[in-house]
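Visitor: sequence first, predicted coordinates after that:
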Amino acid sequence: MRRKLAAGNWKMNGSLAALSQLNQIARETASLDVETLICPPSLYVSEALTRVSGNQLNIGVQDCHFETSGAHTGDISASMIADLGASHVILGHSERRADHDESSEDVREKARTALAAGLTAIVCVGESEKQRLAKNTLDIIGGQLAISVPDASKAANMVIAYEPVWAIGTGRTATTAEIDEVHDFIRTRLKDRFGEEGANMTVLYGGSVKPTNAAEIFATNNVDGALVGGASLRAQDFVPIVRALAEA
Ligand code: 13P
């Protein structure tokens, strides 16, 4: 049985005051049979955990280093994230691949450390517009998946997020046919490699998911939820997305 997950990636947005949104999200989604997660900037994770304590809303982070400790100024480790009580870490987001030159090998090493620390990794894959236009989408996704996802992955600790780079923050969503094709491909690859575990891994779609398009996206085969950027910043946008997933 695959788990449904509505995840929010706040990226470099938010403030202490904005954490009040978490209380509202936690309250308004408490009765829904869906896993929920918000990943605020790491500076706010400790306070976020305090705010949602006792609720089903999970708190995660947006990146970690591949080593457990050491001389890496500015970085945080997976064991620190687990130590705080956060549950998930997003890895290999296209913004990190672009801004920090992260390779799929880097993502795999980070994911390995995250799994060893007891965290659930959300590994992001996605093609650029140029790659899609050149009809290389499935090759790119297949390559990213093969390298970024470590062998130790299980359905209980690995989530894949398909985020076409051209759909992130642009208001352009992939069509359901495009999402269907890529999610079907990802599912096949996961099953081929991980068998039953791969069949049960949660696969999310991300890229301009909004309350207005969520239901249609969640009705697509092999879509088990969403990784939401902009629309996760405010409860009034995120809660309807969670509700659409619960009803899907
Ligand atoms: P938007 O929902 O703002 O397009 O961002 C998607 C994303 O990158 C989530 O990780």
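Guide: All right, it came through fine. Numbers count the residues shown, from 1 in each chain.
Visitor: for the longest helix seen in the chain, buried residues please.
Guide: Identified as the longest helix of the chain according to DSSP state H is helix 176-194. Neighbour-count burial for helix 176-194 flags 176, 178, 179, 181, 182, 183, 185, 186, 187, 189, 190, 194 (criterion: 16 or more other CB atoms under 10 Å). Bear in mind the C-beta positions are built from the backbone N, C-alpha and C, glycine included.
Visitor: stretch 161-177 now?
Guide: 161, 162, 163, 164, 165, 166, 167, 168, 173, 174, 176.
Visitor: can you narrow those to ones near the ligand?
Guide: Counting by CB under 6 Å from any ligand atom, 163, 168 from those sit close to the ligand.
Visitor: show me the two of the buried residues of stretch 161-177 that sit farthest apart.
Guide: 165 and 176 (18.7 Å; CB to CB).
Visitor: what sits against residue 154?
Guide: 194, 197 (CB atoms under 8 Å, 6 or more residues apart in numbering).
Visitor: run the last query once more with 10 Å
Guide: 115, 120, 194, 196, 197, 198, 200, 201 (CB atoms under 10 Å, 6 or more residues apart in numbering).
Visitor: and residue 66, by the same measure?
Guide: 72, 75, 77-78, 91, 105-114.
Visitor: excluding covalently adjacent residues, which one is nearest to the residue in the chain positioned nearest to the ligand?
Guide: The ligand sits closest to residue 229 of the chain, with a gap of 2.2 Å, by CB to the nearest ligand atom. Leaving out its chain neighbours, the residue that sits closest to residue 229 by CB to CB, 6 or more residues apart in numbering is residue 9, at 5.3 Å.
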